[in-house]
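Q: Structure for this input, please:
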Amino acid sequence: MPDWLEVVLRTLFGVLALFAMTRLLGKRQITQLSPFEYITGISIGNLAASISLDVEYAWYLGLIALSVWVLVSLGIEFLQMKSIKMRNLIDSTATVLIKEGKILEDNVKKERLTTTELMSKLRKKSVFKVADVEFAIIEPSGEINILLKREHQPLTAAHLGIKVGPEIEPQAVIEDGNIMDEPLATMGLSREWLYEELQKLGVTVENVFFGQVNGFGELYVDLYDDQLQVSESQQRATLFAQLKKIEADIELFGLTTKNAEAKQMYEQSSKQLQQMIEDLKPVLVRC
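A: Numbering: from 1, shown residues only. All right, here's what the predicted structure looks like:
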């Protein structure tokens, strides 16, 4: 067999072997790497290169070496799951770099970080003032996670005492001009509904590069032609306006009726509707 053909076959074999072993090791191996995972990745890459190019040695010897590395990695991961001591020994532990707005110099030096590097990592988290940080922790992977002081945290519905329903996962229903039936069925929708919504927007399926339905049943479309403007759905705004109109009508009925029992019923209904509108306002009114 010619050398060039053997190299081609060895390379293809190496790619397939690496892919299979990466799938076996799982997603953890391709995310932020621990020191051992970093070493494993380099070693497996070198072994795969040797399998491809070193025609003087039998290919199966490289495969045996790859298999040993994969088995060792799986064994280490098993030990990490079963033993906290092994987990801390192999991956190390998280280190607090900032506490209550003060940099812990000893810990920063221990992690071999300069203040310039620390500030750079803080800015990547959209934090520019150390004084705003309650805790900053460097994880074993090298990533820095930050907890801002309470007064500097973004305002949420929970801070306002507003209960918000669970968010329904948006579904892509059109891709490259093709309707995706499974996501439509997941949302409890049909092609007929989709065609009606597209007609309201004045577009056809063939003109849509990407279409997505959110948890409120609203369709968003991105067209192939970026110059065309598509109007946004007004369903929530329309519903809010209708509820306000009903509220006004009920108040009017309460003011005009001379029946005391009916007046009390209208006033009670009006208060209940006002409370419902207030609860729904964060959802129905766009910022």
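Q: And the residue positioned nearest the centre of the chain, which helix or strand is it part of?
A: Nearest to the mean C-alpha position of the chain, counting by C-alpha atoms, centre = their mean, stands residue 169 at 11.1 Å. Per DSSP states H and E: residue 169 is located in neither a helix nor a strand.
Q: swap in residue 76?
A: Here residue 76 is assigned to helix 59-82, by DSSP H and E.
Q: Can you identify the element that follows that helix toward the C-terminus?
A: Moving toward the C-terminus from helix 59-82, the next helix or strand (DSSP H and E) is helix 84-91.
Q: How far does the next helix or strand after that next one sit from its chain's centre?
A: Moving toward the C-terminus from helix 84-91, the first helix or strand encountered (DSSP H and E) is strand 95-99. Distance, stretch centre to chain centre, for strand 95-99: 26 Å (C-alpha atoms, centre = their mean, to the nearest Å).
Q: Please identify the buried residues of strand 95-99?
A: 95, 97, 98 (16 or more other C-beta atoms under 10 Å). Any C-beta I mention is one placed from the backbone N, CA and C, and that applies to glycine too.
Q: Going by contacts, tell me the helices and strands next to it.
A: helix 105-110, strand 133-138 (3 or more C-beta pairs under 8 Å, 6 or more residues apart in numbering; DSSP states H and E).
Q: Which neighbouring elements make contact with the first one?
A: I take that to be helix 105-110. If contacts are counted by 3+ C-beta pairs under 8 Å, 6+ apart, helix 105-110 sits against strand 95-99.
Q: and the strand it packs on with strand 133-138, angle?
A: Per axes from the mean of the first three to the mean of the last three C-alpha atoms, to 10 degrees, the angle that strand 95-99 makes with strand 133-138 is 160 degrees.
Q: Helix or strand next in line after strand 95-99, which one?
A: Helices and strands here follow DSSP H and E; after strand 95-99, the next one along the chain is strand 102-103.
Q: Run through who's touching that next one.
A: For strand 102-103, the surrounding residues in contact (C-beta atoms under 8 Å, 6 or more residues apart in numbering) are 97, 115, 118, 130.
Q: residues contacting residue 247?
A: Counting by C-beta under 8 Å, 6+ apart, residue 247 touches 270, 273, 274, 277.
Q: re earlier: redo the buried residues of strand 95-99 as TSV? Include pLDDT and distance to residue 77.
A: Converted to TSV, the buried residues of strand 95-99 look like this (pLDDT from 0 to 100; distance: C-beta to C-beta, whole Å):
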residue	pLDDT	distance to residue 77
95	88	23
97	92	27
98	93	31
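Q: Distance to residue 203 for the residues you listed - can I get that in CSV?
A: Output for the buried residues of strand 95-99, formatted as CSV (distance: C-beta to C-beta, whole Å):
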residue, distance to residue 203
95, 53
97, 51
98, 50
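Q: Out of these, the closest to residue 219 would be?
A: Residue 219 lies nearest to residue 98 out of those, by C-beta to C-beta, at 44.7 Å.
Q: Could you report the distance from the closest one to residue 105?
A: Counting by C-beta to C-beta, to the nearest Å, the gap from residue 98 to residue 105 is 11 Å.
Q: same deal with residue 85?
A: Residue 85 is 28 Å from residue 105, by C-beta to C-beta.
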